[in-house]
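Participant: Generate coordinates for the sequence data below:
(one chain, ligands or ions: 1)
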Amino acid sequence: MDPELRRAVRLRARFRCEYCQLPEAHAAVAPFQIEHIVARQHGGPTVLANLALACHHDNLHKGPNLTGIDPVTRKLVRLFHPRRMKWARHFEWDGPFLRGLTPIGRATILVPQMNHEDRVELRRTLLREGVFRP
Ligand SMILES: [Zn+2]
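Facilitator: A predicted model of the protein is given here:
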């Protein structure tokens, strides 16, 4: 991928994961990745409008998925699209836990396992240290 495009995506995201908002400076295991929101295998292009900065965890678990099941309504819904949707409309913080405010928010939390115990523990630590302010 073109280094200028990568740089533009990271700057636009203000160096935070566009799904879980984790600051890149606190990536625990691996560096953040430039993610295709609509995966290449679904014809998603490598252009700014289809790219997002994502932590390794969220990118790995989201994979090429475009949809998920809302655990409340049990309906199939599209996943959060960081370019077309506003984060605060679909998610909110409850301490270290991410809560879904909409079917899209709830399904998007489940598919990448954003409230996996390891992620909650990492956020709890960062909150305690005062370096993660959602
Ligand atoms: Zn993330």
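Participant: drop to CA atoms for contacts and neighbour counts, all remaining ones
Facilitator: OK.
Participant: Grab the nearest non-local neighbour of the residue nearest the centre of the chain.
Facilitator: In the chain, the centroid-proximal residue (Cα atoms, centre = their mean) is residue 19; its distance is 1.8 Å. Distance criterion Cα to Cα, 6 or more residues apart in numbering; nearest residue to residue 19, sequence neighbours excluded, is residue 54 at 6.6 Å.
Participant: The one you found and residue 31 touch, don't they?
Facilitator: No - using Cα atoms under 8 Å, residue 54 makes no contact with residue 31, being 9.3 Å away.
Participant: of the two, who's got more company?
Facilitator: residue 54 (29 against 13; other Cα atoms under 10 Å).
Participant: show me what contacts the more buried one?
Facilitator: Residues counted as contacts of residue 54 (Cα atoms under 8 Å, 6 or more residues apart in numbering) are 16, 17, 18, 19, 32, 33, 34, 35.
Participant: near the ion, which residues of this protein?
Facilitator: The chain comes close to the ion at residues 17, 19, 20, 55, 58, as judged by Cα under 5 Å from the ion.
Participant: buried stuff in the strand or helix carrying the last one?
Facilitator: Looking back up the chat, that one is residue 58. Using DSSP states H and E, residue 58 maps to helix 56-62. By 16 or more other Cα atoms under 10 Å, the buried positions in helix 56-62 come out as 56, 57, 58, 59, 62.
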